[in-house]
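>>> The sequence and its predicted three-dimensional model are supplied below.
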Amino acid sequence: MITAKCSVRQLFLRSAAATKMRFCAAAAATSLPADAAVAMAVGTKEKGPSVLYNRLSSLGRSPEESVTMTLDKWVNEGRPVRAAALIRYVKEFRRYRRHAHALEIMEWMENTKHTKMTHDIHAMRLGLIAKVRGIEAAEKYFSDLPEPAKNRHSYGALLGSYCSEKNKNVDKAISLYNEMKNQNIASNTEVHFNLMSLYMRLGQHEKVLTQYQEMKLDNIVPDTITCCILMNCYASLNDIESVERVIKEAEEDKQIKLRWSAYSTLASIYCSAGLITKAESALKKSEKLIDGRDRQPYHFLINLYSRIHNFEEVKRIWNSYKTVFQKPTNISYLTMLRSLDRLDDINGQQDLYEEWESVCMSFDVRLTNVMIGSYLRKNMIQQAQRVWEKASERGAVPDFKTCDMFLDYYLKNNDIDSALMWLETRISRMKRNEWKLSQDQVNTFLKAFEDAKDVKGQERFCQCLRRLGHLDLNACEKLLLTYLAADATDPTLRQRIKDDKIQLNSQTNKLLDMVCGANE
């Protein structure tokens with residue numbers, strides 16, 4: 001089975017209305033959104049309003065209300081606000097998955113009467129509400145719309161929201177689609193795209209093809225994105241011949257204007273199938289179709305060339321990119337850094353990382369993680385530690401990836417104290433018990449502290465398990481054995497185990513009596 005199927009699942013994580021063109025490209029490589037990339041996106045289009053855009057984009061992941069405060073401050077400074085510019089900013093934020101900020105801009109516009117709520121704006125807002133506040137909130141918004149606003153735009157946005165969540169709203173999506181057909185508002189590319197993407201996510205490939213036939217019966221001309229879905233559908237069925245037929249028919253149809261993303265998708269499928277020569281040919285065609293100042297195709301070309309281990313082409317595309325864009329964004333550096341990692345070019349990674357450090361305006365821990373991961377895989381722990389120390393000096397905060405990499409490395413190399421420190425760091429950053437150690441990791445910790453007669457370390461580890469909600473009988477026994485090995489006692493341990501509601505057996509009770517004294 002062709003492994004392109006995995007990237008297809010990633011492909012459909014975004015709604016159709018929000019990210020139609022990004023969907024096509026995501027089939028070719030992993031999408032890499034970045035806050036810092038947003039700051040470069042609009043600035044060349046206009047001089048005055050771009051200052052406001054820079055203020056908004058610099059908010060990063062700060063609380064939603066900061067957007068309102070920024071806009072209010074702008075107006076209080078006596079500066080003008082243009083609705084068209086704000087809508088453009090909303091689209092950019094939406095593109096980079098900063099949905100909460102995008103929604104707040106729209107709500108600020110409505111509250112301050114800075115825009116007329118047209119049908120397409122209602123649809124945009126509905127899609128954002130679904131992402132930020134959930135489907136039920138989106139349904140309520142749709143229900144409260146005036147009847148004239150309940151048209152193909154708002155229906156389409158609601159359908160897109162249903163289709164973006166695998167398994168959860170399938171019946172609602174089908175029901176809404178049938179309602180749209182009854183109202184004769186289902187005959188557009190986006191409606192069929194939403195359903196085809198839903199079926200792809202569900203692995204229902206035959207329904208994808210059936211939906212495409214309905215699209216043809218509606219006399220809707222396929223576009224690039226439809227071709228991408230079809231190619232990935234056939235790839236998932238290990239049918240390369242049909243994949244090639246889709247692209248050939250599209251090339252021969254004068255009504256279809258293929259974009260670079262169609263050939264990136266084709267190249268990705270060829271890569272996964274091991275057809276390297278064909279992948280290179282598709283990449284050349286994709287490159288020829290790059291139009292305008294769009295960074296995304298360069299990112300995909302770099303990624304795909306690295307997948308087929310064509311180092312020279314990776315370097316060439318990077319240099320070509322830098323002639324078009326003098327200031328690469330964090331996302332661009334991240335793409336290149338990951339590609340060099342795939343090519344096992346540690347020296348190239350070091351040089352690129354240092355270049356990024358010298359020019360970056362907003363620190364992105366993901367780049368640091370890539371560098372750390374490369375060092376750790378080569379057992380270059382001192383270099384990895386130094387990279388993290390420098391990042392920390394710049395105010396970087398470890399994310400789960402940072403913690404997991406160091407935790408795994410130290411645990412595998414029997415540096416239990418360092419592993420425990422990173423485990424505690426990871427847990428301190430969790431909002432809820434959404435993660436747990438593997439049983440092998442748990443056993444490694446427990447055995448190491450018992451062998452070292454390290455009561456304090458074992459207690460700290462059991463506290464971690466307690467916070468994760470995974471403290472069990474086995475851990476309690478190991479804790480008791482550690483106390484005995486260290487010839488230590490603790491009369492409070494009996495009550496603590498009782499508070500943890502651990503069901504003890506006869507063996508554990510004997511150990512407990514030895515550590516705490518016989519229960520009177």
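Arrived safely, thanks for sending.
>>> backbone phi and psi for the closest residue to residue 152 other than its chain neighbours, please?
Once flanking residues are discounted, residue 152 sits nearest to residue 185: 4.0 Å by CB to CB, 6 or more residues apart in numbering. Where you see a C-beta, it was placed from the backbone N, CA and C, and this is true even at glycine. Dihedral pair for residue 185: phi -130, psi 20, per degrees, to the nearest 10.
>>> if I pick residue 185, what's in contact with it?
151, 152, 155 (CB atoms under 8 Å, 6 or more residues apart in numbering).
>>> And the strands in this protein?
In the chain, no segments count as strands under DSSP state E.
>>> And this protein, what are its domain boundaries?
Domains of the chain are assigned by automatic domain parsing as 34-96+98-186, 421-516.
>>> Name the stretch among those domains that sits most buried.
domain 34-96+98-186 (a mean of 17; mean count of other CB atoms under 10 Å).
>>> re the thing from before, quick one: which of the contacts of residue 185 is nearest to residue 441?
Using CB to CB, residue 155 comes nearest to residue 441 of the contacts of residue 185, at 48.8 Å.
>>> Name the nearest residue to the closest one, sequence neighbours excluded.
Per CB to CB, 6+ apart, closest to residue 155 is residue 180, 5.3 Å.
>>> Also residue 187?
residue 218 (4.5 Å).
>>> Quick check: the gap between that neighbour and residue 184.
Separation of residue 218 from residue 184 (CB to CB, to the nearest Å) stands at 10 Å.
>>> Then residue 210?
Taking CB to CB, one finds residue 210 at 20 Å from residue 184.
>>> Test for you: state the pLDDT assigned to the residue nearest to residue 152.
pLDDT, residue 185: 90.
>>> re the thing from before, taking the contacts of residue 185 one by one, which sit in helices?
Under the assignment DSSP state H, the contacts of residue 185 contribute 152, 155 to helices.
>>> Which one of the contacts of residue 185 is nearest to residue 248?
residue 152 (32.0 Å).
>>> wait, isn't the closest one in contact with residue 176?
No. If you go by CB atoms under 8 Å, residue 152 and residue 176 don't touch, sitting 11.9 Å apart.
>>> for this protein, what are the low-confidence residue spans?
1-49, 60-65, 166-167, 518-520 (pLDDT under 70).
>>> residues near residue 262, how many?
Using other CB atoms under 10 Å, residue 262 has 30 other residues around it.
>>> List the contacts of residue 381.
Per CB under 8 Å, 6+ apart, neighbours of residue 381: 375, 409, 413.
>>> Buried only: go through those for me.
Neighbour counting over the contacts of residue 381 (16 or more other CB atoms under 10 Å) leaves 375, 409 as the buried ones.
>>> and the contacts of residue 381, which of them are in helices?
Short answer: those in helices (DSSP H) are 375, 409.
>>> Nearest to residue 137 among the contacts of residue 381?
Using CB to CB, residue 409 comes nearest to residue 137 of those, at 42.6 Å.
>>> What's the separation between the nearest residue to that closest one once chain neighbours are set aside and residue 340?
Leaving aside its chain neighbours, residue 409 sits nearest to residue 376 (4.8 Å; criterion: CB to CB, 6+ apart). Using CB to CB, we find residue 376 at a distance of 16 Å from residue 340.
>>> Ok, residue 446 next?
39 Å.
>>> Quick one: residues contacting the closest residue to residue 114 other than its chain neighbours.
Nearest residue to residue 114, sequence neighbours excluded (CB to CB, 6+ apart): residue 83, at 5.4 Å. Each residue near residue 83 by CB under 8 Å, 6+ apart is listed here: 109, 114, 115, 116.
>>> Thanks a lot, see you next time.
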